[in-house]
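A.B. asks: Sequence first, then the predicted structure:
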Amino acid sequence: MTVTEKKQSSVVPMAIVATLFFILGFATWLNGSLMPYLKQILDLTPVQASLILFSFYIAVTFTAIPSAAVIRKVGYKNGMALGMATMMVAGLLFIPAAKTQIFALFLFAQLIMGVGQTLLQTAVNPYVVRLGPEESAAARISIMGILNKGAGVVAPMVFTALILSNFTDLVGKDLSQEDIDLMADGLVLPYLGMALFIGLLAFAVKKSPLPELKSEEEESDKGQVKEALSHPNLRFGVIAIFVYVAVEVIAGDTIGTYALSLGIENYSVMTSYTMICMVAGYILGIVLIPRFISQAKALAVSAILGVILTIGVLLTSDQSFIIANALLVPFGGALLPDPLLLIAFLGLANAICWPAIFPLALSGLGKLTSTGSALLVMGIAGGAFGPLFWGISTGTSFGQQGGYIVMLPCYLYILFYAVKGHKMRKKA
């Protein structure tokens with residue numbers, strides 16, 4: 001096969017994968033709007049609200065390795081379809097949860113959604129890495145990331161238009177049972193529509209011409225995991241993904257809850273600010289990697305920027321508008337407290353992390369690629385613990401703003417991985 005034929009043959013698979021990344025992003029970043037919305041309806045504490053994210057992301061801890069086994073059994077394409085079918089079921093579970101207003105049912109629906117996402121992530125990420133040269137994998141993942149995070153821009157806006165727009169006058173007020181019932185019922189039709197759409201897409205992928213990746217040699221799961229983890233770049237990479245997802249989810253999904261505490265009516269669109277910054281970061285990644293900067297150096301710059309912005313979040317006043325005046329007002333933007341803007345700018349620092357860590361961690365794994373991918377996807381569990389630690393920190397004298405201190409050690413570890421961790425290799 002010539003180079004031109006190979007490029008042409010990858011166009012359709014990449015287009016299908018791009019669609020799946022958009023769906024992943026839409027379903028994932030709805031959490032940024034759902035978390036404060038349920039906090040308002042069910043009168044949750046910050047720690048209880050963080051369980052909405054915890055139940056979604058903790059699923060990867062239990063299903064990442066089994067997902068790799070399922071994919072080896074049914075293939076990558078069928079694994080993608082199965083993951084989306086599971087997400088469809090999760091969407092349908094939100095209907096009884098909304099009708100009964102039982103918090104545990106919402107958490108269960110989130111858990112099932114996380115299971116479906118884990119299976120889909122484990123199947124779809126190796127496609128991006130393996131359908132092209134390894135040294136440009138970060139750029140390809142960045143393209144997928146633009147769609148994923150672009151969906152993160154759209155999802156909160158759709159949530160606000162379809163659900164919150166009728167209830168903005170209730171922000172900061174004590175809700176009557178009638179108000180609570182109306183707000184809860186507002187979730188039914190949107191989640192029903194999302195479930196049906198994902199179900200149709202699962203069927204379409206099942207029937208699509210998506211080629212199967214070269215199958216790997218069959219080994220026991222235990223043996224594959226042990227062998228994969230013997231590669232230090234993967235071992236440290238799993239931890240890097242864990243702490244990266246922790247800060248990504250804190251920046252993307254707690255910003256709305258923090259805005260709600262400040263009495264901002266359009267709190268449900270705050271996630272869009274963070275996602276816009278992430279899209280900008282992905283575009284920079286496509287332009288710069290690997291032409292002007294290596295994946296590792298881009299990751300180091302991202303980590304340093306994350307440290308600087310986190311310190312800014314902690315030190316600026318939630319009543320200050322200096323940064324807002326400088327950046328938003330000249331363009332007609334609305335004023336927001338400086339910490340909220342800096343949290344949104346963390347999206348820029350976070351954007352390159354996944355595209356850089358994933359290929360660096362999978363480098364040299366060969367036949368262990370799907371198991372390594374599953375272990376890295378398992379690191380998404382950081383999204384469960386990051387917001388939880390943030391929520392616990394808000395219950396101290398730190399408050400919600402000070403709770404963002406939990407991000408500092410995460411960015412410092414990412415810096416270590418960028419500088420040294422990814423270079424470590426298995427001894428012969």
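C.D. replies: Thanks, I have the structure now. Please read these numbers as outputs of a predicted model, since none were measured by experiment.

A.B. asks: which residues of the chain score low on pLDDT?
C.D. replies: Within the chain, the segments meeting pLDDT under 70 span 1-10, 131-139, 142, 212-223, 318-336, 396-397, 427-428.

A.B. asks: By residue count, tell me the biggest helix in it.
C.D. replies: Counting by DSSP state H, the longest helix found in the chain is helix 103-130.

A.B. asks: Show me what that helix is packed against.
C.D. replies: On a contact count with 3 or more CB pairs under 8 Å, 6 or more residues apart in numbering; DSSP states H and E, helix 103-130 meets helix 11-29, helix 31-42, helix 46-57, helix 59-74, helix 76-100, helix 137-162, helix 353-362, helix 369-378. C-beta: built from backbone N, CA, C; applies to glycine.

A.B. asks: Put together JSON lines for those helices, with distance to residue 297 and mean neighbour count on each row.
C.D. replies: Converted to JSON lines, these look like this (distance: least, CB to CB, whole Å; neighbours: other CB atoms under 10 Å):
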{"stretch": "helix 11-29", "distance to residue 297": "25", "mean neighbour count": "20"}
{"stretch": "helix 31-42", "distance to residue 297": "30", "mean neighbour count": "25"}
{"stretch": "helix 46-57", "distance to residue 297": "29", "mean neighbour count": "24"}
{"stretch": "helix 59-74", "distance to residue 297": "28", "mean neighbour count": "21"}
{"stretch": "helix 76-100", "distance to residue 297": "31", "mean neighbour count": "21"}
{"stretch": "helix 137-162", "distance to residue 297": "11", "mean neighbour count": "22"}
{"stretch": "helix 353-362", "distance to residue 297": "9", "mean neighbour count": "27"}
{"stretch": "helix 369-378", "distance to residue 297": "21", "mean neighbour count": "27"}
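
A.B. asks: Dump these into JSON lines; add distance to residue 411 as well.
C.D. replies: Formatted as JSON lines, the helices and strands packed on helix 103-130 follow (distance: least, CB to CB, whole Å):
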{"stretch": "helix 11-29", "distance to residue 411": "21"}
{"stretch": "helix 31-42", "distance to residue 411": "20"}
{"stretch": "helix 46-57", "distance to residue 411": "19"}
{"stretch": "helix 59-74", "distance to residue 411": "21"}
{"stretch": "helix 76-100", "distance to residue 411": "30"}
{"stretch": "helix 137-162", "distance to residue 411": "19"}
{"stretch": "helix 353-362", "distance to residue 411": "9"}
{"stretch": "helix 369-378", "distance to residue 411": "19"}
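
A.B. asks: Nearest approach to residue 200 belongs to which of the ones you listed?
C.D. replies: Residue 200 sits nearest to helix 76-100 of all the helices and strands packed on helix 103-130, at 8.9 Å, using CB to CB.

A.B. asks: Remind me what that closest one packs against, helices and strands.
C.D. replies: helix 11-29, helix 59-74, helix 103-130, helix 177-185, helix 188-206.

A.B. asks: Now find how far off-centre the first one is within its chain.
C.D. replies: The gap between the average C-alpha position of helix 11-29 and the chain average comes to 13 Å, counting by CA atoms, centre = their mean, to the nearest Å.

A.B. asks: OK, contacts around residue 278?
C.D. replies: 145, 149, 152, 252, 347-348, 350-351 (CB atoms under 8 Å, 6 or more residues apart in numbering).
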